[in-house]
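Chemist: How does the following fold in three dimensions:
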Amino acid sequence: MTTAASNGTTPDVSDERLMALADGEIDAADARALRARIAADPSLAERFALFVETRALLAAEDGAAEEQTDPGLARLAAAIHAADRALGAENDATPKRRFGVVEGGGSSAPAQPARPRARFHVATPALAACLALAIGGVLGYGLGRQAIGPGEEDRNVVAIANAPAAMAATSRALQGAPSGEAVAWTDGGAGLKGAVTVLSSHRIGDDGVCREYEVTIEGRDDKAVALGCRTADGWRTELAARAGVGDGYAKASGASIAEAALADLGSSGAMTPEEESSLIKDGWRARK
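Modeler: Sure thing, here's the model as predicted:
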């Protein structure tokens, strides 16, 4: 049996079990019991919301024609929204969303342009769990929340990594910084500053390139670890997750997610400094 000690999750509720519930792969009686626990436990509800979001995102990117509706998800969504209101309403006329949830194919964030089809597919249950944390973290905290307002310094680090100042530094780092070199960023309005550091560069297939990087915030222990891949139009962040925090399931995210995704994409290992330097000098064009 998976325990909290072994994977940092709520006792007796593993990520695999939450994934199975989101996919409708457990029997009705067990599903009812698990939904009741989720509705009563905000931290468990937040974890499950990430899997629900990922399920919807992957279905959309795979061009799924049939909509698979679980009536229990609507009730769960209502419970999550109730928890949002209870947690955020005090001294705030417009409660902040604490949990992300997808309902009926829609997102809690404003409508976004259609995304390109995913470049990789989930190959193993372990990678599926990692990607659920990564993609869910971005959906739940990042989309539609790119501005950091005064007093919001406690926001999830993945959302802060999506702020304009951090994103601009990310673009500069991915395009021109060698691995290990920090690119600083400052958000004057929020009083935040930090750095983006590329950790490694990888060839993917014959002509693809991905770079693993991290976004740190001065004065905070947690950070965002992400994977950016080169496209015809520039760089695209494929996934991101928190790392370095001390509680809950986030301990399993971060570098392990990027490593699992890189392996699934077909990386043969990190580039040498010389190879990376040559590609940076050539603007990432000489990739064959």
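
Chemist: surely residue 169 meets residue 193?
Modeler: No: in this structure residue 169 lies outside contact range of residue 193 using C-beta atoms under 8 Å: 10.0 Å. (Each C-beta comes from the backbone N, C-alpha and C, glycine too.)

Chemist: For those two, list the residues in contact with both.
Modeler: The contact sets of residue 169 and residue 193 overlap at 184-185 (C-beta atoms under 8 Å, 6 or more residues apart in numbering).

Chemist: In terms of neighbours, single out the busier of the two.
Modeler: residue 169 (23 against 16; other C-beta atoms under 10 Å).

Chemist: Without its sequence neighbours, what residue ends up closest to the more buried one?
Modeler: Nearest residue to residue 169, sequence neighbours excluded (C-beta to C-beta, 6 or more residues apart in numbering): residue 185, at 3.7 Å.

Chemist: any idea whether the one you found is helix, strand or coil?
Modeler: Counting by DSSP: H, G, I helix; E, B strand; the rest coil, the backbone at residue 185 sits in strand.

Chemist: Lowest-scoring secondary structure element of the protein by mean pLDDT?
Modeler: helix 125-141 (a mean of 35; mean pLDDT, DSSP states H and E).

Chemist: would you list every one of the helices in the stretch 151-288 of the chain?
Modeler: 157-161, 164-176, 255-265, 273-281 (DSSP state H, counting those that start in this stretch).

Chemist: Report the angle between the last one and helix 164-176.
Modeler: Orientation check (axes from the mean of the first three to the mean of the last three C-alpha atoms, to 10 degrees): helix 273-281 against helix 164-176 gives 110 degrees.

Chemist: which helices and strands does helix 273-281 pack with?
Modeler: Packed against helix 273-281 by the contact rule (3 or more C-beta pairs under 8 Å, 6 or more residues apart in numbering; DSSP states H and E) you find strand 192-204.

Chemist: Which strands and helices lie in contact with the strand it packs on?
Modeler: helix 164-176, strand 182-187, strand 208-217, helix 255-265, strand 267-270, helix 273-281.

Chemist: Packed most tightly, which of these would that be?
Modeler: The highest mean neighbour count among those, using mean count of other C-beta atoms under 10 Å, belongs to strand 208-217: a mean of 23.

Chemist: What average pLDDT does stretch 225-234 get?
Modeler: Across stretch 225-234, the average pLDDT comes to 85.

Chemist: Which positions in it come out as buried?
Modeler: Buried residues in stretch 225-234, counted by 16 or more other C-beta atoms under 10 Å: 225-230.
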